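S.K.: dropping the sequence and predicted coords here.
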Amino acid sequence: MNVKKVYQWLKILYAYGEVEYHDPLKFLESQGLLTYNPIDNRYVITNNWITYGQQLQSEQDYLLSLICFKGDYQRYLVDVSLLTALKMREAADIEGVETFVSNLPRLSEYAVLVLKEIKEESSFSIECLEKRLMEKEEQHQSLNRVIFDGPPHYQRIMFYLKQVQAYNQENVIEGIPLGKKIDEQWQKGRKISTDLSLSPLKERPLHTLVPSIPERKIDHPQFKHIFTYPWKLFVFLCCIVRENFEAQGVQAIRFQPVGDEVDVLLTASNHQQYRYGNFDEFVVEFCKVNQYLLFPYEVSNLKTVFQNLVERKLLMIIDDEYRLPPTIEDVIYNTRLYIPLIAESKQLRGRMEQWIDELREKR
């Protein structure tokens, strides 16, 4: 296994959610963390990948722990940690041995088998296990260099093995291929990257919503970024929904800049206005309602998207809230932009409107 290449592929999966098929990643497919799409010859992250990722807040820890799912390497790490535990026992460190056993309940059966195997071969001794490990060490040297920056050490091994054990494999939810229309992209169950700083892909992704250069020619240059970055599109459509409500004579929702956040203000059916929360909270809840699978974390800091749209003159602040400028509304509804932006996002905007109405009724 070329560990450096595997790590690079994992980094691509972490950021973009899909990568070309590579046989060395097959061990993650068997764990239900990746799914293989034979039509596109691609690996795509699964709901299990996203759920497991919530255990670790560090990208590096997450990616390195994934490598520890590799069966033969995982068993080698158990051997190394078992040797340390036995040395603790020899030193009468009972607490250390108890920690080893309690931290590896799922892997303890393998550890017992190792002890039994050594005992059957000869009278058991720590030296027997050390000899067994020396034979395996060269085989896993490249993995040890990447994961441990040298020989594996006990505390770090236990950290990764505990993460691997905490993983509960569930049935893989099959992803829906991306369509060209907004409504075909923002379907329920879609996997959506939450990294606002990702560079856009030149080749269009096939299964995940990530920044990418649009295939469709956009006549209006200032709108290109809307179709390049999923969260810019989402925020912009939220503002369109806000204007649609007002056009119908309903003051339903407002997006108000407050310090480093954007507050969401709703007007209940009894005409009383109240604060729902900040925009990040509003979006995360909407994503949960629509079963979007956000990776690697929940989306946050969307205030920067509002600011960017203001800088591009796609939004402006009027009466202390974000609004669409009249000139932008004119372009949206009276040019060829209407079809890709408005006509092809009808279902998504309908879900937004319905959810906003439900929130207003709850008050």
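M.R.: Arrived safely.

S.K.: helix, strand or coil for the closest residue to residue 110 other than its chain neighbours?
M.R.: Nearest residue to residue 110 in three dimensions, chain neighbours excluded: residue 78, at 5.6 Å (Cβ to Cβ, 6 or more residues apart in numbering). Just so you know, the C-beta spots here come from the backbone N, C-alpha and C atoms, and that holds for glycine as well. The local conformation at residue 78, judged by DSSP: H, G, I helix; E, B strand; the rest coil, is helix.

S.K.: so that it lines up with my notes, have the first residue be 59 from now on.
M.R.: Right, with 59 as the first residue, what we last looked at is residue 136.

S.K.: residue ranges with poor pLDDT in the protein?
M.R.: Of all residues in the chain, those with pLDDT under 70 make up the ranges 146-160, 166-167, 169-170, 172-183, 421.

S.K.: can you give me the strands in it?
M.R.: For the chain, applying DSSP state E gives strands covering 76-78, 92-95, 100-103, 249-251, 266-267, 311-316, 319-325, 331-336, 351-353, 374-376, 379-381.

S.K.: could you say what helices and strands the fifth one packs with?
M.R.: When you say that, I think you mean strand 266-267. Other helices and strands packing on strand 266-267, by 3 or more Cβ pairs under 8 Å, 6 or more residues apart in numbering; DSSP states H and E, are strand 249-251.

S.K.: tell me the strands beside the strand it packs on, with direction?
M.R.: Pairing partners of strand 249-251, with direction, according to DSSP bridges: strand 266-267 (parallel), strand 351-353 (parallel).

S.K.: is it true that the residue nearest to residue 168 touches residue 164?
M.R.: No. If you go by Cβ atoms under 8 Å, residue 136 and residue 164 don't touch, sitting 10.3 Å apart.

S.K.: between the two, which has more neighbouring residues?
M.R.: residue 136 (20 against 11; other Cβ atoms under 10 Å).

S.K.: state the distance from that one to residue 198.
M.R.: Residue 136 sits at a distance of 12 Å from residue 198 (criterion: Cβ to Cβ, to the nearest Å).

S.K.: show me the contacts for residue 89.
M.R.: 106, 127, 225, 227 (Cβ atoms under 8 Å, 6 or more residues apart in numbering).

S.K.: got it, and residue 274?
M.R.: Here residue 274 is in contact with 238, 285, 398 (criterion: Cβ under 8 Å, 6+ apart).

S.K.: neighbours around the closest residue to residue 109 other than its chain neighbours, how many?
M.R.: Closest residue in space to residue 109, ignoring its immediate chain neighbours: residue 228 at 7.3 Å, by Cβ to Cβ, 6+ apart. Residue 228 has 11 neighbouring residues, counting by other Cβ under 10 Å.

S.K.: great, nothing more from me.
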